[in-house]
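Chemist: Sequence and predicted structure are below.
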Amino acid sequence: CDTPPRHNHPIALSPSSFTFIFTTMARSLVLFLAASVSTTAITAFSINDNAAVSRRESFSQTASLFGGVIAASSVLVGAPASSFAEVTDETPKVSTRMGGLLEKYQDSRGWTILAPSGWNKFDGEVGAYDVKWEDLVDPTENIKISSTPVKSTTTSVDVLGDVKEVGAKLASSRNAKLIAALERQTDGILFYTFDFALDDGTHQLLQLCVNKGKIWSLDANSKEKKFAKRKDLYYNILGSFMPKLA
């Protein structure tokens, strides 16, 4: 099928893409990230209390929400850059293919990843993801990459705040358990990685970074009972992602 047209402006999320649960999450995040950001930034998200989308998709929309806020303001109000510890140690990009479970994928838009071998691949659902990989047997086991334009003056994900504080806010907004909130620098790019156990019996890893004028989101999803088997695979996938060509 034809790939939907791509847009060069921050994604406007339609009302049909939200649930009541995500409405609560979105509003709390807007208050957290943009307490003094312009009204335009806040109203850019058309939030509808009666919208419908699966609970486990809520975190997948986070990058679009963050992207809109960052696009409107190049700094996090009330949090001077000096208050955040700078990550200076380099963590190498993951290159192991786990005995053939992963295969290198290079996207024409300028990013690379080690993707799950043999999974179904889908391109471009506007407002949801740029690329998705889905397990052949269980579609709830999936990997999604999305991107949202930000201001050219925004160069790092640390504009969102301290990684642990951001993770805690995300978790509390969904009544999810924050398992881990990690940060690393790879090839000069700062990555935030969050590990969540959701209250609907699913597990999600969410990774955020900023590069090339975009905030990039990578989320890996699994049923909780299967996550122990997926964990190493998913963390290797996240560690292999690079939003530029080497």
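Modeler: Good, I have the coordinates. Computed from a predicted model, the values in this text were never measured in an experiment. Residues are numbered from 1 along each chain as shown.
Chemist: where do the helices sit along the chain?
Modeler: Under the criterion DSSP state H, the chain contains helices at 20-33, 39-43, 62-72, 163-174, 224-240.
Chemist: And those, which one averages the lowest pLDDT?
Modeler: Ranked by mean pLDDT, these bottom out at helix 39-43, which scores a mean of 25.
Chemist: List the contacts of I237.
Modeler: Counting by Cβ atoms under 8 Å, 6 or more residues apart in numbering, I237 makes contact with 94, 102, 113-116, 143, 218, 220. Using the backbone N, CA and C atoms, a C-beta is placed for each residue, glycine as well.
Chemist: just G239 next, same as before
Modeler: G239 touches 91, 93-94, 186, counting by Cβ under 8 Å, 6+ apart.
Chemist: For the closest residue to P116 other than its chain neighbours, give me its contacts.
Modeler: Distances taken as Cβ to Cβ, 6 or more residues apart in numbering put W133 closest to P116, at 5.4 Å, once the chain neighbours are dropped. Residues counted as contacts of W133 (Cβ under 8 Å, 6+ apart) are 115-116, 119-122, 142-144.
Chemist: So among the residues you listed, which ones count as buried?
Modeler: Neighbour-count burial (16 or more other Cβ atoms under 10 Å) applied to the contacts of W133 gives 115-116, 119, 122, 142-144.
Chemist: The nearest residue to K121 once chain neighbours are set aside and A168: what is the separation?
Modeler: Using Cβ to Cβ, 6+ apart and skipping residues adjacent in sequence, the residue nearest K121 is W133, 5.5 Å away. As for W133, its distance to A168 is 29 Å (criterion: Cβ to Cβ, to the nearest Å).
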